[in-house]
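S.K.: just coords:
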Ligand code: XMP
C-alpha cells in the first residue's frame, strides 16, 4: 500500500479547515451535511473542531458502485434534517468530475437552505468536467484511485487512518 497522505498531515489540514470554518460561520445557525459514505471519517474529525453550535445531517449520493467506474447519480435525502432557512456546509471526501457536489448543492438549495458552502478533503487535479469550486479544499491530488480515511474500494479500506493508493491502481 502506497501512502499518499499520512495521518499527521491529514490532521494538520483538518485543523486548518476547521479554523477557517470557525471564522466563516461564527454567529450563523448552520448544518454540516456529510455525503455518505465516504465523508464520514472527515465529518467526525471536523465537527469536533468546530466551536459554534451546529446541526448534523447526512445525504447519500452514489455514483461509484462496487468498483471505480462512475455510474448514474442516485440521491437519497431521507436522513436529512429540515434545512429550511439554514446555512449549510456540505462535506465530501473527494471532488472528481464535480457531478456529485454540484448536483447536491442544487438539491439543498431547492430544499430551502439559505446558502451552501462546499468542503472536500481531496480534489483530483484535471478531472473536473462540471464547474464546481469548493469553498474549502484539503489536498489536491493526482488522478489516482485513493482509499482510506473514509474512501473505499468495493466498500473496503475505509478504516485506514491515512490516504493510500492501491498497489495495482485499478484506474
Ligand atoms: P464526482 O465525479 O461526482 O465524484 O465528483 C465524487 C465521488 O466519486 C467517488 N470517488 C472516489 N472514491 N476513491 C474513492 O474511494 C477515489 O479515488 C474516488 N474518486 C471519486 C467518491 O464517492 C466521491 O464522492
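M.R.: Yes, it's here. Just so it is clear, the model here is predicted, and its values are computed rather than measured.

S.K.: where along this structure do the strands fall?
M.R.: 2-5, 30-36, 54-64, 70-76, 87-95, 115-124, 136-141, 146-147, 163-165 (DSSP state E).

S.K.: what bridges to residue 165?
M.R.: residue 2, residue 146 (DSSP bridges).

S.K.: hang on, it packs against residue 143?
M.R.: No - the criterion here is CB atoms under 8 Å, and residue 165 misses it with residue 143 at 10.9 Å. No exception for glycine: its C-beta is placed from N, CA and C like everyone else's.

S.K.: So for these two, which residue has more residues nearby?
M.R.: residue 165 (18 against 12; other CB atoms under 10 Å).

S.K.: Can you give me the distance of that one to residue 128?
M.R.: Applying CB to CB, to the nearest Å, the value for residue 165 to residue 128 is 20 Å.

S.K.: Give me the longest helix you can find in the chain.
M.R.: helix 7-24 (DSSP state H).

S.K.: which residues sit in contact with residue 88?
M.R.: With contacts defined as CB atoms under 8 Å, 6 or more residues apart in numbering, residue 88 is in contact with 30, 31, 32, 33, 108, 113, 115, 116, 117.
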